[in-house]
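Q: Just to be clear, the model below is a prediction. Sequence and coordinates:
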Amino acid sequence: MIVFLNGKYLDAREARVGLFDGGYLYGDGVFETIRLYAGRPFDLDGHLGRLADNLAALDFAWRPDRAAVTEIVAELVRRNGLSGRDARCRLTVSRGGSPDDPLPLAGLGSLPPTVSAWMEPLGPHLAAWQRDGVAVAVLREGFRRGNSPGIKSLNYLPTVLALREARRRGCAEALICDERDRLLEGATSNVFVVAAGRLATPPLSRGLLGGRTRALVIEAAARLGLPCDETDVTVADAAGADEVFLCGSVKEIVPVTAVDGVPVGGGAPGPVTRRLQEAYRRGVRDSLGGGAGGPAGAPA
Ligand SMILES: Cc1ncc(COP(=O)(O)O)c(C=O)c1O
């Protein structure tokens, strides 16, 4: 794998980030995961907009330059033989740092950040998840992402623990909820429920990531004339819903067929989820044009 690190293209095994990097020491940094369709990045502006907002929130002076990131993505596609393939690109910006000031608290803007990017083809399981749906585990305590869950920061230990716990329970994803049993988000996704023809998804004000895909699903629902509320959704609401689905840039839309072992909507993906999967893919195709947006084996 060839990666990008601070202006250079390197073999992944040779790429090194410093011992005093704030990302390594404190999780002081932010990231984006961008989906590529047939070697082309989707919703780059949306991701770079969120990245810029998150960098500002953490007092980074550095901002992504659209043309430069486009060039890095194209170069990584080329150097990794990913043209025409579906992939995901991870872009990370962390504090940098030096032994002279291991915990910088002031003058943050003048510190050169560490900027890296790498990409890999999509895993083989995704098409089956999208087609057949997945089981999810509800995780109640100790799995929320820190004090600033709206920032896609490098503090993802709760997420890693949640995913491990979900897999231990034989589930593909976790649903994280608060102390009052209100759903927040998946470990690495946002969540929607469908009941009586209405969509509902937890509001950002509850403390969750404003997913790019969540925003695009809300737009797609509006185009389809499906009412959608940003409102509290409890675990009981999800278990009793007609349909539940997860969404994220890489996952797109993945039906949920069981919540904590309780089948949702008869245990099979439902019609509203299917319509949204199709509408989302149409949106990708319209945005990228020219035949992109239809990975083999995934719903068209
Ligand atoms: C905690 C969390 N919520 C939601 C999402 C979905 O975000 P997006 O649609 O921007 O990929 C992610 C993506 O990784 C995530 O980590």
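A: It's in.
Q: show me where the stretch 51-200 of the chain has helices.
A: Under the criterion DSSP state H, counting those that start in this stretch, the stretch 51-200 of the chain contains helices at 66-79, 126-132, 157-168.
Q: CA atoms only: put the longest one into PDB for me.
A: Presented in PDB, the C-alpha positions along helix 66-79 are these (Å, rounded to 0.1, in the frame of the first residue of the first chain):
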ATOM      1  CA  ARG A  66      -9.900  21.000  -2.200                       C
ATOM      2  CA  ALA A  67      -7.600  20.900  -5.200                       C
ATOM      3  CA  ALA A  68      -4.700  19.500  -3.200                       C
ATOM      4  CA  VAL A  69      -6.900  16.800  -1.600                       C
ATOM      5  CA  THR A  70      -8.400  15.900  -5.000                       C
ATOM      6  CA  GLU A  71      -4.900  15.400  -6.300                       C
ATOM      7  CA  ILE A  72      -3.800  13.300  -3.300                       C
ATOM      8  CA  VAL A  73      -6.900  11.100  -3.700                       C
ATOM      9  CA  ALA A  74      -6.300  10.700  -7.500                       C
ATOM     10  CA  GLU A  75      -2.600   9.900  -6.900                       C
ATOM     11  CA  LEU A  76      -3.400   7.300  -4.200                       C
ATOM     12  CA  VAL A  77      -5.900   5.700  -6.500                       C
ATOM     13  CA  ARG A  78      -3.300   5.500  -9.300                       C
ATOM     14  CA  ARG A  79      -0.400   4.300  -7.100                       C
END
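Q: Contacts for it, please.
A: 2-4, 9, 34, 36, 39, 41, 44-45, 48, 82-83, 87, 89, 91, 117-119 (Cβ atoms under 8 Å, 6 or more residues apart in numbering). C-beta here means a position set from N, CA and C on the backbone, and glycine is covered the same way.
Q: Buried subset of those residues, written for ChimeraX?
A: Restricted to buried positions by 16 or more other Cβ atoms under 10 Å, the ChimeraX selection for the contacts of helix 66-79 reads:
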select :2,3,4,34,36,39,41,44,48,82,87,89,91,117,118,119
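Q: Just the ones of the contacts of helix 66-79 in strands?
A: Of the positions in these, 2-4, 9, 34, 36, 41, 87, 89, 91, 117-119 sit in strands, assigned by DSSP state E.
Q: and of these, the nearest to residue 17?
A: residue 3 (10.8 Å; Cβ to Cβ).
Q: tell me the contacts of the closest one?
A: Residues near residue 3 by Cβ under 8 Å, 6+ apart: 9-12, 15, 76, 116-118.
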